[in-house]
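Q: sequence and predicted structure, then a few things I'm wondering about:
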Amino acid sequence: MSDIQAVDIQAVDTRRPAAPQPADPELVARLAATLDEAALAHRTVARLTDTTELDLAAAYRVQRTVIDRRLSRGEALIGVKMGFTSRAKMIQMGVDDVIWGLLTDAMLVEEGGVLDLADLIHPRIEPEIAFLIGSPLSGTVTPAEAVRAIAGVAVAYEVLDSRYADFNFTLPDVIADNASAAGFGFGTWHDPTGMNLSNLGLLVEIDGRVVASGSSAAILGNPLRSLIAAARLAAEVGLELRPGWVVLAGAATAAMPLPEGVHVRVSAAGLGRAEVTTR
């Protein structure tokens, strides 16, 4: 058995308590409109929890409603992102739970392409490991099942943004805001067979200067655990990870401010690099 297959699924507990009664649909729609319209106008809003009691189940309903609004404008769902999977991120954001958000094709930045920061409020970037789904995956799966579902693995980056002033939020707030997802890109896909993903070194360079370094071990000890968690969370809301989807496994370092007019290179041992230029 390869190292990637030897991950202990029990090491990560992503179970949620029983769901409470559904939130008022009108309230969910109103909160989703607040976040979506703020993103379109590139402006901040107050935290939802400053005026509304919001549990995790309701926050995820708001998140999905925001995404549904985007899909109604012609975007397509192409994957998921995992959040708070690294100790550095947990410390930075003051949380201790794994969360997720949804990715659309409008968030994808072409490899080596240009990202216009005028569309964002306070962008940040973090290095990631990405999985390309090759066969459907959902529910409680074994490491071997997860590996068989992977069509490729790549170094990646995620661009974060928040609709909340000062990038300040509670856990329900960030979940409702699609886990701060704003953009992402990835390098060349590699065959994961026999690959040990548990301790790959990652570097982030801005204009040729190293600004952050980390290890894939920071992603739940092994990024494969994050994929397993994603499959379980998908099942909880009646989704499956579909062929062609991308799963961003989580950050290996804390997120860093992303300035205009720079070239960013994210690299991982054995996986090459992913690059983007900002304007």
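A: Perfect, thanks for sending it.
Q: and the helices in the protein?
A: For the chain, the helices defined by DSSP state H cover 25-41, 56-72, 87-93, 143-149, 171-176, 223-236.
Q: weakest of those helices in terms of mean pLDDT?
A: Ranked by mean pLDDT, these end with helix 87-93 in last place, scoring a mean of 64.
Q: before we move on, back to that, quick one: closest of the helices of the chain to Thr104.
A: Closest to Thr104 of the helices of the chain, according to Cβ to Cβ: helix 56-72, at 5.7 Å. Quick note: C-beta positions are derived from backbone N, CA and C, even for glycine.
Q: may I see the buried residues of that closest one?
A: 56-67, 69-70 (16 or more other Cβ atoms under 10 Å).
Q: before we move on, what about stretch 171-189?
A: Those would be 171-187, 189, for stretch 171-189 by 16+ other Cβ under 10 Å.
Q: what's Leu103 in contact with, if anything?
A: 77-81, 181, 184, 246, 248 (Cβ atoms under 8 Å, 6 or more residues apart in numbering).
Q: same question for Pro192.
A: Going by Cβ under 8 Å, 6+ apart, Pro192 touches 4, 131, 147, 150, 152-153.
Q: check what pLDDT it gets.
A: Per-residue confidence (pLDDT) for Pro192: 88.
Q: let me know how buried Gly74 is, in neighbour terms.
A: Number of residues near Gly74 (other Cβ atoms under 10 Å) recorded here: 9.
Q: distance of it from Gly83?
A: Distance of Gly74 to Gly83, given as Cβ to Cβ, to the nearest Å: 26 Å.
Q: can you check Val237 too?
A: Distance of Val237 to Gly83, computed by Cβ to Cβ: 15 Å.
Q: and those two? which has more neighbours close in?
A: Using other Cβ under 10 Å, the more surrounded residue of Val237 and Gly83 is Gly83, with 27 against 13.
Q: the more buried one against Trp100, yeah?
A: Yes - with contact defined as Cβ atoms under 8 Å, Gly83 counts as touching Trp100 (6.4 Å).
Q: overlap of the contact sets of these two?
A: Taking Cβ under 8 Å, 6+ apart as the contact rule, Gly83 and Trp100 both touch Ala179.
Q: next, the contact list for Ile133, please.
A: By Cβ under 8 Å, 6+ apart, the contact list for Ile133 reads 79, 149-151, 241-247.
Q: list only buried entries from those residues.
A: Here, 16+ other Cβ under 10 Å leaves 79, 149-150, 241, 245-247 buried among the contacts of Ile133.
Q: which one of those residues is nearest Val276?
A: Taking Cβ to Cβ as the measure, Val246 is the one of the buried ones among the contacts of Ile133 closest to Val276, at 15.5 Å.
Q: what's across from the closest one in the sheet?
A: In this entry, Val246 is beta-bridged to Gly79, Leu132, by DSSP bridges.
Q: and the pLDDT at Val98?
A: Reported pLDDT for Val98: 84.
Q: thinking it is in contact with Ala229, fair?
A: Yes - using Cβ under 8 Å, Val98 is in contact with Ala229, at 5.6 Å.
Q: mind checking which of the two has more residues around it?
A: It is Ala229, of Val98 and Ala229, that has more neighbours when counted by other Cβ under 10 Å, with 24 against 21.
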